[in-house]
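> got a predicted structure here, sequence first:
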Amino acid sequence: MTTSTELSNADQITYWNEIAGAKWVANQARLDRVFAPLTQALIAAAAPEAGDHILDVGCGCGETSLLSAVRIGPTGQILAVDISQPMLDHARSRVDAAVAPITWLQADAMTHGFAATADLMISRFGVMFFADQLAAFANLRRALKPGGRFALLCWQPRPDVVWMQWPLEQVASVLPTPEPTTGQVGPFGLADADATCRMLRDAGFSQVKASAVATTLTIGIGPDPVEDAMALLGDAGPVAALFRDGEPAERAKGEAMLRAALAGRIDAGAIRLDAACWLYEGTA
Ligand SMILES: C[S@@+](CC[C@H](N)C(=O)[O-])C[C@H]1O[C@@H](n2cnc3c(N)ncnc32)[C@H](O)[C@@H]1O
C-alpha cells in the first residue's frame, strides 16, 4: 500500500520545469488572452478586497496574481506559489515589485509549511496535479486564516471541454485518443465535482460548493487564426501531448489534419471552441 508520505510530486516537478514550463512561458500572452473569460469568472467569484492576503496556488506565469494585486492594493499581500522555476521567473519579469505586493515562491503546495495568514486562496488550473489530493488540500487549508475563503477553477471532464476534446477527435485516425483521466493527477484531476467536494470537506473545509462555468474561448484570431490556434494547441492541452509523443510521420499527418479542421471552423475571422469548468468555493 502507498501511504501519503510516500507519494511525491516528483514527476510533476520535472514536467513543469523541463517540458511544459518553457511552452507556457512562450504562450503566456496567448493563453491569458484565450482564458480571459474564465479568469474573469474566477476573479469575480474570489472578489479580492483591499488589504487581503492572497495565496495563489500553481500561479504559473502570474496572471491571476497580477490581476488580484490590482484589486488588493499596496496594503494587501500575495504569496504566489508554483513548482516551475521558468514560469515563476517569467511571472516575476511581468511586474514591478515596487508597486505590486507579490512574493513569488518556488515550492510544492502539497507539502510546503505555509503560515496561516491568507484571507483568500485562489487558483486557475493549478491544483489538479497533487499526488495526494487529500493531504495537499489539508495542507492548503492550514494556509488560510480561520474563516478564510477559497475559489479554485478546474476543468470539467475532458469530453465536456470542447477545446481539448475536439482537437483529439480531428487527429484520432492517426494519433489514437487516450482514455479520459478524470480523478487522476493531471488537468482533469478535480473534474468529478461530487468527489472533489467530498475530498475538500474531508480536508477540513466548510461551505464547499461547485458551480459550473461554461464559456466559449477564442482559440484562434488575427491575420492567421489557424496558426494562432495551432500555436496554442501544439503546446498546451492533450493534443499537444499526442504531438510530442507521436512518431514524426504521424505527428505531421495529425498536424495537417488539425490545420484543415481548424480552417473549417473559422467564423467571422476567429476560431471559437467551448470550455466547461468547475469553480470550487468554500471556507477554512
Ligand atoms: C495548468 S498550469 C496553470 C498555471 C497558471 N495558474 C495559469 O492559469 O496560467 C498548472 C500549474 O500548476 C503548477 N503546479 C503543479 N503542481 C504543483 C504543486 N505541487 N505545487 C505548486 N504548483 C504546482 C505547475 O507548475 C503549473 O504552473
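Cool, the structure landed.
> how about A276, what does it touch?
155-156, 160-162, 212-214 (CB atoms under 8 Å, 6 or more residues apart in numbering). From N, CA and C alone the C-beta is placed, and that goes for glycine too.
> can you tell me which of those is closest to the ligand?
Checking these against the ligand with CB to the nearest ligand atom, the nearest one is W155 at 9.2 Å.
> now G183: which helix or strand?
Element membership of G183 [criterion: DSSP states H and E] is none; it lies in no helix or strand.
> now do C277
strand 271-283.
> point out where this protein drops to low pLDDT.
For the chain, applying pLDDT under 70 flags the ranges 1-7, 96-100.
> hey, which strand is longest across it?
With secondary structure taken from DSSP state E, the chain has its longest strand at strand 206-220.
> list the contacts of C154.
Counted by CB under 8 Å, 6+ apart, C154 has contacts 125, 127-128, 189-191, 196, 277-278, 280.
> W166 too?
By CB under 8 Å, 6+ apart, the contact set of W166 is L273.
> any bit of whichever strand or helix holds it sitting next to the ligand?
Following DSSP H and E, one finds W166 within helix 162-171. No: Helix 162-171 is not in contact with the ligand by CB under 6 Å from any ligand atom; minimum separation 11.7 Å.
> surely M257 touches E169?
No: M257 is not in contact with E169 according to CB atoms under 8 Å; the separation is 10.2 Å.
> need the residues of the stretch 51-200 of the chain near the ligand, please.
Looking at the ligand, the residues of the stretch 51-200 of the chain close enough under CB under 6 Å from any ligand atom are 58-61, 63, 81-84, 87, 108-110, 124-126, 129-130.
> quick one: which of those sit in strands?
Those of those mapping onto strands are 81-82, 124, per DSSP E.
> what subset of these is buried?
81-82, 124 (16 or more other CB atoms under 10 Å).
> could you dump those into CSV with distance to P74 added?
Output for these, formatted as CSV (distance: CB to CB, whole Å):
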residue, distance to P74
V81, 21
D82, 23
R124, 23
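> out of the residues you listed, who's nearest A46?
Distances from A46 to these, taken as CB to CB, are shortest for R124 (10.0 Å).
> now do the contacts for that closest one.
35, 38-39, 42, 58, 60, 63-64, 153.
> need those in TSV (columns: neighbour count).
Output for those, formatted as TSV (neighbours: other CB atoms under 10 Å):
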residue	neighbour count
F35	21
L38	20
T39	19
L42	22
G58	23
G60	27
E63	21
T64	30
L153	25
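> if anything else comes up later, I'll come back, but that's it for now.
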